[in-house]
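Chemist: this one's structure only:
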């Protein structure tokens, strides 16, 4: 049995045991697990990462590791990685972005890579993107993968912008309601009371329900050009929500649907990267 599957089975057993004692404790524990990346994904600095300006940021209780390339360029871009990922997995984009004339900034999110912490949620990640825009921006463009794509769209929809910004979304986590439902199903949590306490954590932390944290809600506030790239066989962030948004025919979003690249190969594919370069 793979380690992640073993840990998942332990979590299931823990939640079942807690539910016998307290539905609230079971729901709260399930939410913490939902926000916990299993496997932090530490890495060693590659030559490209060592060549960057080394950044650090105290973000609440978290100490974050960041990088900056091509400082002082005419345009600025932020890269936001996904859940259980980190900056190093996106370093291959940096030469392309520098060639396009961008200063590039990227940080490992809380509980990821070389940053501290054990958990992250959409509230914190969105706030982080906003803080980075204030400290190192304003950004002319953003690249977000998966959970990072959600955080970027949520933040940009709220940020005061001097003009339209470009956004590249690789397989964004656009439907948080669906992702939470899938998580509860995978964890075999069926008790309605446990569900209720699980979702109450979102309201407690943000004052909003989970449906607020969706790209669909942000669409009216996203005025810049968006390139949305999604694989039809993605098992992490299913394509259904992307197809539904495409049916709305938002004039500023161009969709590219691939097949066979899944959730992680999509941001490394040569043909896809050519489209990204042309868009930026």
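Modeler: Good, I have the coordinates. Everything numeric here is computed off the predicted structure, so don't read it as measured data.
Chemist: For the rest of this, base every contact and every neighbour count on C-alpha atoms.
Modeler: Noted.
Chemist: what does the longest helix anywhere in the chain contact?
Modeler: Longest helix in the chain, counting residues (DSSP state H): helix 3-21. Contact with helix 3-21 is made by 25-27, 29-30, 33, 38, 187-188, 194, as judged by CA atoms under 8 Å, 6 or more residues apart in numbering.
Chemist: any chance of the residues you listed in a markdown table, plus pLDDT, distance to residue 146 and secondary structure?
Modeler: As requested, those are exported to a markdown table (pLDDT from 0 to 100; distance: CA to CA, whole Å; DSSP: H, G, I helix; E, B strand; the rest coil):
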| residue | pLDDT | distance to residue 146 | secondary structure |
| --- | --- | --- | --- |
| 25 | 94 | 29 | helix |
| 26 | 92 | 27 | helix |
| 27 | 94 | 25 | helix |
| 29 | 93 | 24 | helix |
| 30 | 93 | 21 | helix |
| 33 | 93 | 18 | helix |
| 38 | 80 | 16 | coil |
| 187 | 90 | 21 | coil |
| 188 | 91 | 24 | coil |
| 194 | 93 | 27 | helix |
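Chemist: farthest-separated two in those?
Modeler: With CA to CA as the measure, no two of the contacts of helix 3-21 lie farther apart than 38 and 194, at 21.9 Å.
Chemist: more neighbours, those two?
Modeler: residue 194 (24 against 18; other CA atoms under 10 Å).
Chemist: got the contact list for that one?
Modeler: Contacts of residue 194 (CA under 8 Å, 6+ apart): 19, 23-24, 26-27.
Chemist: now with 10 Å?
Modeler: The contact partners of residue 194, taken as CA atoms under 10 Å, 6 or more residues apart in numbering, are 15, 18-19, 22-30, 184, 200.
Chemist: Repeat that for residue 85.
Modeler: Residue 85 neighbours (CA under 10 Å, 6+ apart): 37, 39-42, 108-109, 111-113, 145-148, 264.
Chemist: hang on, the earlier thing: separate out the buried members of the contacts of helix 3-21.
Modeler: 25-27, 29-30, 33, 38, 187, 194 (16 or more other CA atoms under 10 Å).
Chemist: For residue 99, state which of those residues is nearest.
Modeler: Taking the buried ones among the contacts of helix 3-21 together and measuring to residue 99 by CA to CA, the closest member is residue 38, at 35.2 Å.
Chemist: these two touch, right, that closest one and residue 84?
Modeler: Yes. At 7.1 Å, residue 38 counts as touching residue 84 under the criterion of CA atoms under 10 Å.
Chemist: if we can go back for a sec, so which of the contacts of residue 194 is the closest to residue 135?
Modeler: residue 200 (32.1 Å).
Chemist: what's the distance between the closest one and residue 179?
Modeler: 16 Å (CA to CA, to the nearest Å).
Chemist: Have a look at the two and say which one is more surrounded.
Modeler: residue 200 (20 against 16).
Chemist: give the contact list for the more buried one.
Modeler: Contacts of residue 200 by CA under 10 Å, 6+ apart are 24, 27-28, 31, 194, 206-210.
Chemist: one step back: looking at the contacts of helix 3-21, which is nearest residue 159?
Modeler: When the contacts of helix 3-21 are compared against residue 159 (criterion: CA to CA), the nearest one is residue 33, at 29.6 Å.
Chemist: Outside of the helix or strand where residue 48 lies itself, list whatever touches it.
Modeler: Per DSSP states H and E: residue 48 is located in helix 47-51. For helix 47-51, contacts defined as CA under 10 Å, 6+ apart pick out 44-45, 66-69, 87-88, 91-92, 94-95.
Chemist: Any idea which of those residues the model trusts least?
Modeler: Lowest pLDDT among the contacts of helix 47-51: residue 44, with 92.
Chemist: Thanks again, I'm all set now.
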